[in-house]
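here you go, sequence then predicted model.
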Amino acid sequence: MSVFDSSQPEQHRRDDVPERTMAEVLALPHEARTIVTWLVRQREAGLSEVAALLEQDEATAQTLLTDLVAQGFVQEVLNEGEGQPRYRVRLAARRGRQVPLDL
């Protein structure tokens, strides 16, 4: 579970889907990989922003985002006061390196 999951209402959590790694992102099809890597840099974006990135209509972008949410790469976030959901990447935390104690 990530830090962001605990602040989301229960119905918006995806605890049953494991967090993904950047290695798994690289194995995604081109358009899906484009969305995820762009969202890493943007932190969060709405449907219209993702559609503009892809130069596709919102229906196509919504289909891709829905698939990424189902696979655990992206999380849908509903902010109070906003009618439209936002999307952010849901990746596993990077593991620290193991440094030998006898350096």
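Sure, I can see it. Bear in mind the structure is a predicted one, so any value in this text is a computation, not a measurement.

please enumerate the helices of this structure.
For the chain, the helices identified by DSSP state H occupy 22-26, 30-42, 47-54, 58-71, in order along the chain.

check which helices and strands the lowest-mean-pLDDT helix or strand in the chain sits against.
When the helices and strands of the chain are compared on mean pLDDT, DSSP states H and E, helix 22-26 comes out lowest with a mean of 83. In this structure, helix 22-26 makes packing contacts with helix 30-42, judged by 3 or more C-beta pairs under 8 Å, 6 or more residues apart in numbering; DSSP states H and E. In this view, the C-beta of every residue, glycine as well, is placed from N, C-alpha and C.

on contacts alone, who are the packing partners of the helix it packs on?
Under the contact criterion of 3+ C-beta pairs under 8 Å, 6+ apart, the helices and strands touching helix 30-42 comprise helix 22-26, helix 47-54, helix 58-71, strand 74-77, strand 86-89.

need those in TSV with distance to Asp102 and mean neighbour count, can you?
Listed next are the helices and strands packed on helix 30-42 as TSV, based on distance: least, C-beta to C-beta, whole Å; neighbours: other C-beta atoms under 10 Å:
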stretch	distance to Asp102	mean neighbour count
helix 22-26	30	13
helix 47-54	48	16
helix 58-71	42	16
strand 74-77	41	21
strand 86-89	37	20
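
using TSV, lay out these together with distance to Val36.
Putting these into TSV (distance: least, C-beta to C-beta, whole Å) gives the following:
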stretch	distance to Val36
helix 22-26	5
helix 47-54	11
helix 58-71	7
strand 74-77	7
strand 86-89	6
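
between those, which one is nearest to Val99?
Nearest of these to Val99, taken as C-beta to C-beta: helix 22-26 at 21.6 Å.
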